[in-house]
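[1] Got a predicted model here, sequence first, then my questions.
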Amino acid sequence: MKFIVKPTLVAVAVMAMMGCQEKEAKPAVLETDLQKQAYALGSSMHLNIADLDEMGIQLDHDLIMAGFEESAAGNGQVDKEQIQQLLMALGQTVQTKQQELAAIEAEKAQAASAAFLSTNAQVDGVVTTESGLQYQVLTAAEGAKPAATDTVKVHYHGTLTDGTIFDSSVDRGEPIEFPLNRVIPGWTEGVQLMSVGSKYKFVIPSNLGYGANPAGQIPANSTLIFEVELLDITTPAPAAEDAAAK
């Protein structure tokens, strides 16, 4: 959650809260683009304040309204420079809290991943390599095996340990080609074990995946599960490589 504090947005939130107190709940009229934009602005501030509440940063709503009312009446107790400084401090508080919560979630994910890897290592047919990569042969084949410098064509289905799908060429119905040395280490190592035509299941520890860095739908310290089918090794012929280099 990215929270950006701006005085004008706080004023919008205050007016929205005041409106809720002063009149019965009545659907807003949203006919023009400006009406819809104003409504969206108020809604976004409500969501931001709700996010702060969930994070444990409790802002006094009465004081928010008092700041708006007194400033509107020309009796504001802080000037523009102070407002800016205070809101910057609030933004820093939010950033610090976000970092603390992210660290807690990362620790939880690391513990959960370690437990999953330990259990999965006991599954019949699962092999754990020296690096910690785990693989299981789903469909064996006798085709050629790629080198780390090769480009391969694969179909894959990627999930988190809770079953959440974060990426799948199978679901898109379109295989993908990529240089094997330009992907996460778990892929580089694992796909080299495969023969063309084979299908493997890889369980990739976070240190062979994205580590402590979140990536899209992948949280920090996540163990990744891939089912990969190696369709082809599509490394360009030497002549084509030489031409491309010129």
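    Noted; the coordinates are in hand.
[2] now the helices for this structure?
    Applying DSSP state H to the chain gives helices spanning 7-22, 33-55, 61-72, 80-120, 169-172, 185-191, 238-245.
[3] For those, give me CSV that also has mean neighbour count.
    In this view, the C-beta of every residue, glycine as well, is placed from N, C-alpha and C. Shown next, in CSV, are the helices of the chain (neighbours: other Cβ atoms under 10 Å):
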stretch, mean neighbour count
helix 7-22, 15
helix 33-55, 14
helix 61-72, 14
helix 80-120, 14
helix 169-172, 13
helix 185-191, 22
helix 238-245, 9
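[4] Residue 225 is nearest to which of these?
    Judged by Cβ to Cβ, the one of these that comes nearest to residue 225 is helix 80-120, at 8.8 Å.
[5] where's the closest one relative to the chain centroid, distance-wise?
    14 Å (Cα atoms, centre = their mean, to the nearest Å).
[6] which residue sits closest to residue 189 in space, ignoring its chain neighbours?
    Once flanking residues are discounted, residue 189 sits nearest to residue 133: 5.5 Å by Cβ to Cβ, 6 or more residues apart in numbering.
[7] Hmm, residue 160 and residue 167 touching each other?
    No - judged on Cβ atoms under 8 Å, residue 167 makes no contact with residue 160 at a distance of 10.6 Å.
[8] shared neighbours, those two?
    residue 217 (Cβ atoms under 8 Å, 6 or more residues apart in numbering).
[9] okay, now the domains of this protein?
    As given by automatic domain parsing, the domain ranges for the chain are 7-77, 128-240.
[10] Worst mean pLDDT among those?
    Lowest mean pLDDT of those: domain 7-77, a mean of 76.
[11] Wait, residue 169 touches residue 178, no?
    No - with contact defined as Cβ under 8 Å, residue 169 does not reach residue 178; the gap is 10.7 Å.
[12] Could you pull up the residues touching residue 36?
    Contacts of residue 36 by Cβ under 8 Å, 6+ apart are residue 30.
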